[in-house]
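A.B. asks: fold the following and give me the result.
(chains A, B and C)
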Amino acid sequence: MWSFCFVEKRLLRAAHPRIPKEVLPVQAIPLTRNTDFRRLYKRGRSLIDRNVVIYFSKNKLGVNRVGFTVGKKIGGAVVRNRAKRLMRESFRLLEPRLREGYDFVFVSRSRLPHLHRQAVDASFARLLGGADLLKKEGST
RNA sequence: CGAGUAAGUCAGACAGUCGCGUGUGCAGGUGCCGAAAGGCCGCACAUGAGGAAAGUCCGGGCUCCACAGGGCAGGAUUGUGGGUAACGCCCACCGAAGGCGACUUCAGGGACAGUGCAACAGAGAGAUACCGCCGGUCUUUACCGGUAAGGGUGGAAAGGCGGGGUAAGAGCCCACCGGCAUCCAGGUGACUGGAUGGCCAUGUAAACCCAAUUCGGAGCAACACCGCAAAGAACUGUCCGAUUUUCGGACAACGCUUGCCCGGCGUAUGUUCAGGUAGGUGGCAUGAGCUGUUUGGCAACGGGCAGCCACAGAUAGAUGAUUGUCGAAUACAGAACCCGGCUUACAGACUUGGUCGCACC
RNA sequence: UGCGGGAUUGUGUAAAGGUAGCACGGCAGACUCUGACUCUGUUUGUCUGGGUUCGAAUCCUAGUCCCGCAG
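C.D. replies: Have a look, this model is predicted:
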C-alpha cells in the first residue's frame, strides 16, 4: 500500500510497450520490495530441485515480476554474482514462453554457480513446465 | 649450467551472434505519458571492477556536533636522520641476531625514579652457608667463625677465563674479554674509535610504571534540500444558547447508501503557517588525478614543462551466454563517499640486478 | 555498508602469567530379581598460526567462525 507510487511507475513503463507487440513480448519487471519477497516465501507456491528453488504466485498486474536471490552461505560476492547472472540469463531465454501475470523468486542453491548454463536452463524448463507455467503453443 | 636472493611487470587476447549499466548524439511530423518543459520506448557511437576492489588494522579529505585558553585522566607510538596532507607507512643509515654470500629479521627508549613478580626445585631468587674447604673449642658427636674455588637445584646463583695471592678463599691484585662512568676525536644524529678510572645488583616494562612525541567525538545509513503523515500554532465563515459589546458550543472535506434532498454509515476535519515520517533529489565522481618528458636527491620523494579527463558511478545493485583461433586459459577474487598505507588470499608467465658452486676459454 | 562483542570437554559455565576445574552427560563397576534413584572410578578440552616470557587459556599480533546494533 505504501509502495503504491513506486510500483505504479514501473507498471506504466511496462504496460506501454514498444511498437511491434508481436515481435517483442512484454518484459518482466524486477521485484524489489522486501515485503513482496516475504509474501512469496510465506504464501507462494514453490518448486524445488537440487539446483534451484522457485517461489511463484499470481499477481493482478498482467505482467511478470521476478527477483533473484542468493544466500550468503553459498559463497563470496563473485560466486553470488555468478549465480545471479546464470539465473538471469536462463530466465531471459525462457521468458518468451512464460505465461504472464505472475511473481517469481528464484533462490540459488549451493551447486548452481558451478554449473553450465544448459543445466540451469534444463532445471528452469523442467520445473516451470511441470507447474504448467509455460505456454502450450510450440511456436518459439 | 645449477642453486639461492632481492626488486618489478602482467592478471588472457582477438573475432562473430544475443543480452545488461552509464554518457553523448540522432530521430520517429507522432508509438506512449504529460498543459508544457520533459520522460519512457527506438537507433548509432563511446565507455564499463582489482592487485588485492577483501579484512576494516592505521592515517587523512569531506560533513555534522562540541570547543576562550590551559591542565588532569585515558588511548596510541618508541634507535637516528629524512619523505609526506598525515600515518603505526616509506627511504637511507646505526645497532643486535641469522646466513659461506647476495641478503633477511627485529614493539630496537628506560630495570642505580619507584612498586610488583620469579610457581616447582634449591641452603639461598639481592637475600642467603645445605654438602664441601679452612681455622678455633674439643676425647668424639657436635658447636662457633671464615669462605662463593668445587657439588647439587634452576631459565637465571654475585662479571668470564687464566695467573698471582691465601689457613682456605674472594676483583683482594694483574693481563685479556665484557659491562659502566668520565674525557678526547669523527659524524646533523643514532653511534663509532681511542685514553683513563674504579670494580659495579639477575631477569621481566607485549607487569604496573617513568620519559619523549602525539590524539576532541561521530560517521555518506554523515549531512543538505523537497516533502502524503503524527503532534502543534494562528485565522475565516455559518448556525445555536445566554445575549449590549462579549462568552461558550457545533459545523465546514471526501466516499458509500437509488440520480437528487433529508437521514444513516465510514474515512476524517476549512485555510495558512510550522513540523518533518513514508518516499524522493543532491552529496556522487576533477582527484594530495593520470600520461610523457626534464631536473634536484644515494633513495623515499620533490620541482618545472606539455598533454588528457564521454578513461565505473549502481540503489535488489550493471561485465553475462555461446561459437571459433592462439601451446594452456586454469589462481585469489566484484567498486558502493573518496584517497594514502598495512595485513591477508593467489594459478601461471615474464623482466632486471647482485651472490654461491661447477665446467670451459 | 558502518559499528561493537565473543570463542575453554558432547552441553552449560569457572580459573590474578605457575598442576585447567565444576555441574549435567558418556563409559565401567557397586547396589537390585531387573530397571530407575544413589555411590565409586574413568574418558574427553583452552578456535587456528606466529611472537614476548624461564613458563601463556591469560599478554601482543595476524587470521577463521559465531552473535548483536544501526537500516
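A.B. asks: and the helices in chain A?
C.D. replies: With DSSP state H as the criterion, chain A has helices at A:4-15, A:34-43, A:77-94, A:117-130.
A.B. asks: tell me the mean pLDDT over the first one?
C.D. replies: Which is helix A:4-15. Confidence for helix A:4-15, expressed as mean pLDDT, is 29.
A.B. asks: buried ones in stretch A:80-97?
C.D. replies: Buried residues in stretch A:80-97, counted by 16 or more other Cβ atoms under 10 Å: A:Arg80, A:Arg82, A:Ala83, A:Lys84, A:Leu86, A:Met87, A:Ser90, A:Phe91, A:Leu94, A:Arg97. C-beta here means a position set from N, CA and C on the backbone, and glycine is covered the same way.
A.B. asks: circling back to that earlier point, using TSV, lay out the helices of chain A together with distance to A:Asn59.
C.D. replies: Converted to TSV, those look like this (distance: least, Cβ to Cβ, whole Å):
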stretch	distance to A:Asn59
helix A:4-15	10
helix A:34-43	9
helix A:77-94	17
helix A:117-130	16
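A.B. asks: contacting residues for A:Phe56?
C.D. replies: Taking Cβ atoms under 8 Å, 6 or more residues apart in numbering, we find A:Phe56 in contact with A:Leu40, A:Gly44, A:Arg45, A:Ser46, A:Leu47, A:Tyr102, A:Asp103, A:Phe104, A:Val105, A:Ala131, A:Leu133.
A.B. asks: now it: closest residue in space, sequence neighbours ignored.
C.D. replies: Nearest non-adjacent residue to A:Phe56, counting by Cβ to Cβ, 6 or more residues apart in numbering: A:Phe104, 4.9 Å away.
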